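1. Show me how the following folds:
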Amino acid sequence: MTDKQLPPRPDLEQLKRQAKELQQSAGVALHEAQTRLAREYGFASWNKLREEVEARSLEFDAAVTEFLEAATDGRSGRAERILALHPKIRAASFYTALVLGDASAVHARLTKDRSLATTAGGPRGWLPIHYICHTAVGSAALADIARRLISLGVDPNTRFPWLHHNVRRPILWGASRVAQSLPLVNALLDAGADPNDGVTLPLAASAGDIPVLEALLAHGANVDQRWATDGSTALYAILQWSRTPDGVLWLLAHGADPNTVFSENGETPLHVVARAWDVPLAEAMVARGADIERKRADGRTPYAVAELNGLIDRPFADGTICKIPLVGCRAVAARSLGTEANGEISSGGAFGIPQPIRSSNA
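-> Residues are numbered from 1 along each chain as shown. All right, here's what the predicted structure looks like:
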């Protein structure tokens, strides 16, 4: 139960003074006093309390600007709270209509002034298409707005104005990963957005976003397209940072080449799996034709890389150590290690594949 309620127009400075008074009376650190005070008002932390006070204290014009900035930099919770406190924001401007996906309001303004479609403006100085493809609070009508903007001359291959690792990302990426609107993705693709932009497919695969991947494929995406940042294939690139195998498996199932070589180090995707992933994914790669004997620039095969990274040895109760089946036969495993397997083979391994073993004293 909370004992206190914030007034309609709370004063942050007064709350700071209350926190200092509590600090002195309770003999605790300031941050502890701030947290206690915030909880008395029903907030989990001082930061949450401060954000609420700031949102309530904003003048309307400042609230509109703060709403638009929060809505277009991923702070959906902040944007929604400001909107709840200032509901008139919905009808405040062309740009609030854009980020909210208010198609009727956008169409009305474009009917009055067609030039708005291709004119940069708003708090970020963006084109309208940027706002609808980078909003965290948009509706299903974003696709309808995109089609209207494109009909008025907007390029579906427009890119955002900033550089990310020396690449300006396309609005198709924003529709997929920021607005997260499949209808908007399809509207852009139908209008001619490039499914091989080197950004959208790799990042959709990294996120395991299968519906977006299917949409890109249906519009001619090349599953082996190059990641725009460093020129590696999509498969190799996403293995570096993805936290789900779903996109990797989708790429493999749709014909991605598991043996393309990254020129900077001579690695193939299987080398990355060997140092950073697990046995099931390694098995899937091998099943799709990954070359288990391919050496990277330093001469190491995927099997040797896996051993170096502790992904190989598995102890048995009798003291022997079974090597996980990154490779499919004893001879290749032995060549990968530069050793002989001494004729010993364990049977019925992790995937029913014979596995080389050695003693724990080797």
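2. Only C-alpha atoms from now on, for both contacts and neighbour counts.
-> Will do.
3. ok, now which ones touch residue 94?
-> The contact partners of residue 94, by CA atoms under 8 Å, 6 or more residues apart in numbering, come to 105-106, 109.
4. ok, and the most crowded of those residues?
-> Highest neighbour count within the contacts of residue 94, by other CA atoms under 10 Å: residue 106, with 22 neighbours.
5. Surely it touches residue 146?
-> No: using CA atoms under 8 Å, residue 106 makes no contact with residue 146, being 10.4 Å away.
6. Grab the nearest non-local neighbour of residue 30.
-> Spatial nearest neighbour of residue 30, chain neighbours left out: residue 23 (5.6 Å); criterion: CA to CA, 6 or more residues apart in numbering.
7. tell me the SS of that neighbour?
-> Under the three-state scheme (DSSP: H, G, I helix; E, B strand; the rest coil), residue 23 adopts helix.
8. ok now do it, which residues does it touch?
-> Neighbours of residue 23 in contact, by CA under 8 Å, 6+ apart: 29-30, 32-33.
9. Check residue 187 too.
-> 143-144, 146-147.
10. want to throw these into a markdown table with neighbour count?
-> Shown next, in a markdown table, are the contacts of residue 187 (neighbours: other CA atoms under 10 Å):
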| residue | neighbour count |
| --- | --- |
| 143 | 23 |
| 144 | 17 |
| 146 | 27 |
| 147 | 18 |
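11. Take these and lay them out in JSON lines including pLDDT, distance to residue 206 and secondary structure.
-> As requested, these are exported to JSON lines (pLDDT from 0 to 100; distance: CA to CA, whole Å; DSSP: H, G, I helix; E, B strand; the rest coil):
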{"residue": "143", "pLDDT": "98", "distance to residue 206": "24", "secondary structure": "helix"}
{"residue": "144", "pLDDT": "98", "distance to residue 206": "27", "secondary structure": "helix"}
{"residue": "146", "pLDDT": "98", "distance to residue 206": "25", "secondary structure": "helix"}
{"residue": "147", "pLDDT": "98", "distance to residue 206": "28", "secondary structure": "helix"}
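12. picking up where we left off before, retrieve the pLDDT associated with the residue nearest to residue 30.
-> Residue 23 is assigned a pLDDT of 90 by the prediction.
13. Low-confidence stretches in the stretch 51-200 of the chain?
-> Low-confidence segments of the stretch 51-200 of the chain (pLDDT under 70): 57.
14. Let's see that with 80 instead.
-> 54-58 (pLDDT under 80).
15. Residue ranges of each domain in this protein, please.
-> 1-57, 258-362 (automatic domain parsing).
16. isn't residue 156 right up against residue 188?
-> Yes: counting by CA under 8 Å, residue 156 touches residue 188, with 5.7 Å between them.
17. And the helices in the stretch 1-150 of the chain?
-> 12-26, 30-40, 46-57, 60-71, 76-85, 94-100, 103-112, 128-133, 142-151 (DSSP state H, counting those that start in this stretch).
18. Name the residues that touch the shortest one?
-> In this case it means helix 128-133. Residues from elsewhere that reach helix 128-133 (CA under 8 Å, 6+ apart): 72, 95, 98-99, 101, 116-121, 138, 142, 145-146, 149, 154, 160, 171-172, 174-175, 178-179, 184.
19. same question, the second one
-> Taking CA under 8 Å, 6+ apart as the criterion, the residues outside helix 30-40 that touch it are 2-4, 16, 18-20, 22-23, 26, 44-46, 48-49.
20. List just the nearest of the residues you listed to residue 217.
-> residue 48 (42.9 Å; CA to CA).
21. Would you mind measuring from that closest one to residue 96?
-> Residue 48 sits 24 Å away from residue 96, going by CA to CA, to the nearest Å.
22. more neighbours, these two?
-> More crowded of residue 48 and residue 96, by other CA under 10 Å: residue 96, with 24 against 15.
23. What sits closest to the more buried one if chain neighbours are left out?
-> residue 90 (6.1 Å).
24. State the distance from that neighbour to residue 82.
-> 11 Å.
25. which one of these two has more residues nearby?
-> Higher neighbour count among residue 90 and residue 82: residue 82, with 24 against 18, using other CA under 10 Å.
26. OK, contacts around that one?
-> 55-56, 63, 67.
27. And it, how far from residue 44?
-> Separation of residue 82 from residue 44 (CA to CA): 18 Å.
28. Nearest to residue 232 among the contacts of residue 23?
-> Distance to residue 232, by CA to CA, is smallest for residue 32 among these, at 49.1 Å.
29. Hmm, residue 123 is touching residue 65, no?
-> Yes: judged on CA under 8 Å, residue 123 makes contact with residue 65 at a distance of 6.4 Å.
30. When the two are compared, which one has more neighbours?
-> In this view residue 123 and residue 65 are compared by other CA under 10 Å, and residue 65 has more residues nearby, 18 against 12.
31. from memory the more buried one sits against residue 124, does it?
-> No: counting by CA under 8 Å, residue 65 sits too far from residue 124 to count as a contact (9.4 Å).
32. Any chance you could list what contacts stretch 162-169?
-> 159-161, 199, 228-229.
33. switch the cut-off to 10 Å
-> 157-161, 197-200, 228-230 (CA atoms under 10 Å, 6 or more residues apart in numbering).
34. ok, back up a step: now do the contacts for the residue nearest to residue 96.
-> Listed by CA under 10 Å, 6+ apart, the contact set of residue 90 reads 64, 83, 96-100, 102, 105.
35. Quick check: nearest residue in space to residue 184, chain neighbours excluded?
-> residue 143 (4.2 Å).
36. Brilliant, that's me finished.
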